[in-house]
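1. sequence isn't available, so here's the structure alone:
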Ligand code: BEZ
């Protein structure tokens, strides 16, 4: 069978400006370009309200909202459900578990935003968004993208770790090694000229495999 691509083939990529949109959310109508000025945004989709995996994920975002705030980051969710469904689900989870989804959730009933962000991947589902996560920096540039299928929930530790890795990398002009977490050594960028090459060879670094793999403490 031919794979479905047309109409759904917009996939914003790392380095692209985040597409702008205006949408109805659980916190009122929001124009994305005016949302969270000078902050990072984690924009994520879930397949459907009142479903089990999505409820665990949304609860995870809600319970760790303070950690996102500490990283100067606002959350924004999305699914292809009506605002009425969103409101009922938010209220239901609050009543059942005490967890309150206190961030905007887009009611993308016309699929406008899902299509703009490549969240609707029709060979997985034609009617539900996949589990996407867009990490968007304060200049509204997309810096990291995750896509998960309908049947596997995301990992909140990894979402927070990746967000912090991006921010620490930006702030210090360094790269982050495998499994980097706060407090670990970071990678000094590989040399781009002979002077830098010599500096990496001669420099006093706590960890050096060779000139191209040098780590330092921050
Ligand atoms: C869930 O969140 O449990 C779910 C949603 C859509 C399809 C499959 C699972």
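-> Perfect, thanks for sending it. These figures come from a predicted structure and were not determined experimentally. Numbering: from 1, shown residues only.

2. quick one: average pLDDT of the top helix by length along the chain?
-> Assignment by DSSP state H gives helix 156-172 as the longest helix of the chain. Confidence over helix 156-172 (mean pLDDT, whole number) is 98.

3. for the chain, which residues are neighbours of the ligand?
-> By C-beta under 6 Å from any ligand atom, the residues of the chain that approach the ligand are 47-48, 51-54, 128, 150-151. C-beta here means a position set from N, CA and C on the backbone, and glycine is covered the same way.

4. for this protein, which spans come out with low pLDDT?
-> Counting by pLDDT under 70, the ranges of the chain that qualify are 1-9.

5. apply 90 and report the result again.
-> Residue ranges of the chain with pLDDT under 90: 1-11.

6. before we move on, back to that, of the residues of the chain next to the ligand, buried ones?
-> When burial is judged by neighbour count using 16 or more other C-beta atoms under 10 Å, the buried members of these are 47-48, 53-54, 128, 150.

7. can you name every helix or strand that the next helix or strand along the chain from the longest helix of the chain contacts?
-> Toward the C-terminus, helix 156-172 is succeeded by strand 186-188 as the next helix or strand (DSSP states H and E). Judged by 3 or more C-beta pairs under 8 Å, 6 or more residues apart in numbering; DSSP states H and E, the packing partners of strand 186-188 are helix 156-172, strand 213-216.

8. so can I have TSV of the ones you listed showing mean neighbour count and distance to residue 19?
-> Shown next, in TSV, are the helices and strands packed on strand 186-188 (neighbours: other C-beta atoms under 10 Å; distance: least, C-beta to C-beta, whole Å):
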stretch	mean neighbour count	distance to residue 19
helix 156-172	16	20
strand 213-216	17	37
